[in-house]
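S.K.: Fold the following and give me the result.
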Amino acid sequence: MVSATSNGGERSISLAELTQPVGRADPQKTPDRTFSYIDISAIDSETKRVISPQRILGIDAPSRARQSVRAGDILVSTVRPNLNAVALLDESHEGSVASTGFCVLRPDPGVLDADYAFHWVRTAQFVGELMQHATGASYPAVTDKVVRRTAIRLPSIGDQRRIAAVLNAADALRAKRREAVAALGGLTQAIFIDMFGDPMTNSKGWPENRTLAAIADVASGITKGRRAWDEPLIEVPYLAVVNVQDGHIRLDPVKTIDVTAAELDRYALERGDILLTEGGDPDKLGRGAVWGGEIEPCIHQNHIFRVRITDESMSPEYVSRLLGSQRGKRYFLRMAKQTTGIASINMTQLKSFPVLEPPRELQAEFIRRAATVAAAVERSGDSQRALDTLFASLQQRAFRGDL
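M.R.: You can find the predicted model right below:
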């Protein structure tokens, strides 16, 4: 499918005309052979790279493991295209098998540059075109045909490579900034260990005679779908599990729920409350953060524990970091009930967590240092967002012929 010509007589041509067919695979025909399987969960949505392919025996191959891929192939998820799960395969993925949940684009050499095409499938314009043809409101999806019939602006192969080089350089800057932000994010935990020692061994010998229940009030949150009340209802924001991340509270999106005045009084969050998830993947068990009072009023759902410090000798920021340390993670994992890969803890187990109690003055110094790091992270985040905006602008210019 060829669309109208664009700047300088350059054409926009469908991806179907610029890509080659991909071979089929059936790993179950070689049951004893191990292969690398790439499904949608293997793609990092931020870096657009395959980061966690599975090593699977042919006999255990899922029914969707049917596409033989190689270096230079571009994977485009046909499920939830709005999330833009795409990746360009490098040599390390030569001979891998991809899920049929991907449309695999294999650029025709000498006609379509792989890097250029990869940058195209990352654009908001490409995502928008897919979403126009997606079916399913809650679980949108498109067919391979929809992906392949999208048209890409096609300058000469030399110009494609030049444009791709510019976009690659800009993307590399973004990657370095992400690494810097990630390094800053780990600095707070390093400061914690330097000041308080290894919490696993209590290497500095802090008192550990009291449990969390002795220094805090621990409560669960509101249950959705409870029976209706005859009393007047108030619509208020509430935090769900997705909002409580490891070390921070995510405020996009925050949903609302109708509650009575009594329920609002019971479940209302206060600045300094520690929020912890009760369950999830074992490696994410007990993740949490300190509530900063960003939304008032605000409540929390029943799958989140609220820990409100009642002992003035303990600070919420310190206790939150202690709960999120290896000491907390090991404790929760040891106590957790696990079913089908999901682990959960109950309130009794949380209340029984043994607390290390360094001097309040040392906790205050930690809070001061952590705040300095948080400010640096925020500045780096602003810089990251500026680079992301610049990159999106470069993409737009590139694919309308202005680069």
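S.K.: going forward, measure contacts between C-alpha atoms and count neighbours the same way
M.R.: Noted.
S.K.: which residue is nearest the centroid of this structure?
M.R.: Residue closest to the mean C-alpha point of the chain, counted by Cα atoms, centre = their mean, is S45 at 7.3 Å.
S.K.: which residues touch the closest residue in space to that residue that isn't next to it in sequence?
M.R.: Leaving out its chain neighbours, the residue that sits closest to S45 by Cα to Cα, 6 or more residues apart in numbering is A85, at 5.6 Å. Contact analysis of A85 by Cα atoms under 8 Å, 6 or more residues apart in numbering lists 40, 43-45, 48, 76-77.
S.K.: can you pick the most crowded of those?
M.R.: S77 (27 neighbours; other Cα atoms under 10 Å).
S.K.: okay, now F118: neighbour count?
M.R.: 22.
S.K.: With D144 instead?
M.R.: 18.
S.K.: Same question for the one 4 residues further on.
M.R.: Taking other Cα under 10 Å as the criterion, the count of residues near R148 is 18.
S.K.: what sits against it?
M.R.: By Cα under 8 Å, 6+ apart, the neighbours of R148 are 14-16.
S.K.: What ranges does the stretch 1-150 of the chain have for its strands?
M.R.: 11-14, 19-20, 34-38, 43-44, 49-50, 54-57, 65-68, 74-77, 86-88, 97-99, 102-107 (DSSP state E, counting those that start in this stretch).
S.K.: Minimum pLDDT in the contacts of A85, which residue is that?
M.R.: Lowest pLDDT among the contacts of A85: S45, with 84.
S.K.: From what I see, that one and L83 are in contact.
M.R.: Yes - between S45 and L83 a contact is recorded at 7.4 Å, counting by Cα atoms under 8 Å.
S.K.: which residues touch the nearest residue to Y267 once chain neighbours are set aside?
M.R.: Take Y267 and drop its neighbours on the chain: the residue closest to it by Cα to Cα, 6+ apart is I299, 5.3 Å away. Applying Cα under 8 Å, 6+ apart, we find I299 in contact with 221-222, 236-239, 264, 267-269.
S.K.: so I249 sits right up against W291, yeah?
M.R.: Yes - with contact defined as Cα under 8 Å, I249 reaches W291; the gap is 7.0 Å.
S.K.: What is the neighbour count of the nearest residue to G58 once chain neighbours are set aside?
M.R.: Excluding the flanking residues, the one nearest G58 by Cα to Cα, 6+ apart is P31, at 4.0 Å. P31 has 14 neighbours, counted by other Cα under 10 Å.
S.K.: Then E179?
M.R.: E179 has 12 nearby residues by other Cα under 10 Å.
S.K.: So it versus D90, what's the distance?
M.R.: 21 Å (Cα to Cα, to the nearest Å).
S.K.: do the same with A375
M.R.: 37 Å.
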